[in-house]
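S.K.: 3D model of this:
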Amino acid sequence: MYFQAIQDFTQKELDQFKTVCNLLLSRTFVVRDIAETGKGHRINPDYVFLSAHYEAVRDYLSLLDWDLIKDDYNGFFYVFNKDSANRLTLNKIQTAILLGLRLLYDENQERLGLCRDAVCTVRDVLDKVVTDYPILPVNPNMEEVHRAMTIFENHSVIQRLEGRFRQPECKFSILPTILIVVSSEKLNDTVARLRRDEQDEEADEDTVD
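M.R.: Residues are numbered from 1 along each chain as shown. The predicted structure follows:
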């Protein structure tokens with residue numbers, strides 16, 4: 001166990017240790033790269049701290065039944081509760097938008113930069129879930145979109161770059177953490193179901209005609 005390292009922390013290190021643990025428990029993820037409008041990206045100091053003290057934070061959180069996992073390639077840490085506690089429940093619109101974010105991320109795989117993020121707009125997401133994959137019958141109210149996108153930003157799934165989430169042209173980054181939030185298996189199952197539903201609807205229309 002690495003608790004001796006915690007006891008040897010300076011007050012500044014102890015304060016950052018508490019901050020990082022609280023961030024993980026409230027936001028699930030700590031990402032390496034932080035986008036700054038007009039300035040590119042900078043390295044997140046919380047990520048640097050976690051990289052240096054991974055074992056100490058991991059052992060501490062394990063006492064609360066949380067696993068700390070690191071993804072060096074995509075540049076983030078995240079926690080997973082062994083008892084499935086503290087799960088976030090999403091409504092239909094929020095779930096649809098989350099799926100749209102994963103679809104957009106996959107479509108941009110070949111264009112991802114060094115930070116492994118994909119830049120798009122709110123309009124792109126709505127087009128994806130209303131037109132390309134009709135998960136939603138019509139565009140949701142922009143206040144509902146704002147609430148959904150704010151939830152995802154608060155959990156480090158996206159990062160706003162320009163504008164407001166209420167605006168269709170709002171620009172944001174989809175972070176590589178989306179790969180954990182929506183697994184490939186869940187994405188494929190959902191898309192396959194949507195395609196089956198669409199084919200069934202078309203068959204019904206042909207029958208009526």
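
S.K.: where does the protein have low pLDDT?
M.R.: Within the chain, the segments meeting pLDDT under 70 span 1-2, 37-39, 191, 193-209.

S.K.: what's the domain layout of it?
M.R.: Taking automatic domain parsing as the reference, the chain has its domains at 3-81, 92-195.

S.K.: what about the first one, how long is it end to end?
M.R.: Put plainly, it is domain 3-81. With C-alpha to C-alpha, to the nearest Å as the measure, domain 3-81 spans 21 Å from end to end.

S.K.: any chance of the domains of the chain in JSON lines, with mean neighbour count too?
M.R.: Just so you know, the C-beta spots here come from the backbone N, C-alpha and C atoms, and that holds for glycine as well. Compiled in JSON lines, the domains of the chain are given as follows (neighbours: other C-beta atoms under 10 Å):
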{"stretch": "domain 3-81", "mean neighbour count": "15"}
{"stretch": "domain 92-195", "mean neighbour count": "17"}
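
S.K.: let me see the contact set for the residue nearest in space to the middle of the chain.
M.R.: Ranked by distance to the mean C-alpha position of the chain (C-alpha atoms, centre = their mean), the top residue is residue 157 at 2.1 Å. Residues near residue 157 by C-beta atoms under 8 Å, 6 or more residues apart in numbering: 29, 98, 101, 174-175, 177-178, 181.

S.K.: so which of those residues are in strands?
M.R.: 29, 174 (DSSP state E).

S.K.: out of the contacts of residue 157, flag the one nearest to residue 115.
M.R.: residue 175 (8.5 Å; C-beta to C-beta).

S.K.: and the residue lying closest to that closest one once chain neighbours are set aside, how far from residue 10?
M.R.: Spatial nearest neighbour of residue 175, excluding adjacent residues (C-beta to C-beta, 6 or more residues apart in numbering): residue 117 at 5.4 Å. Distance, residue 117 to residue 10, by C-beta to C-beta, to the nearest Å: 33 Å.

S.K.: residue 160 against residue 167, yeah?
M.R.: No: the pair residue 160 / residue 167 is not scored as a contact, 10.6 Å apart, by C-beta atoms under 8 Å.

S.K.: find the residues that touch each one of those two.
M.R.: Common contact partners of residue 160 and residue 167 (C-beta under 8 Å, 6+ apart): none.
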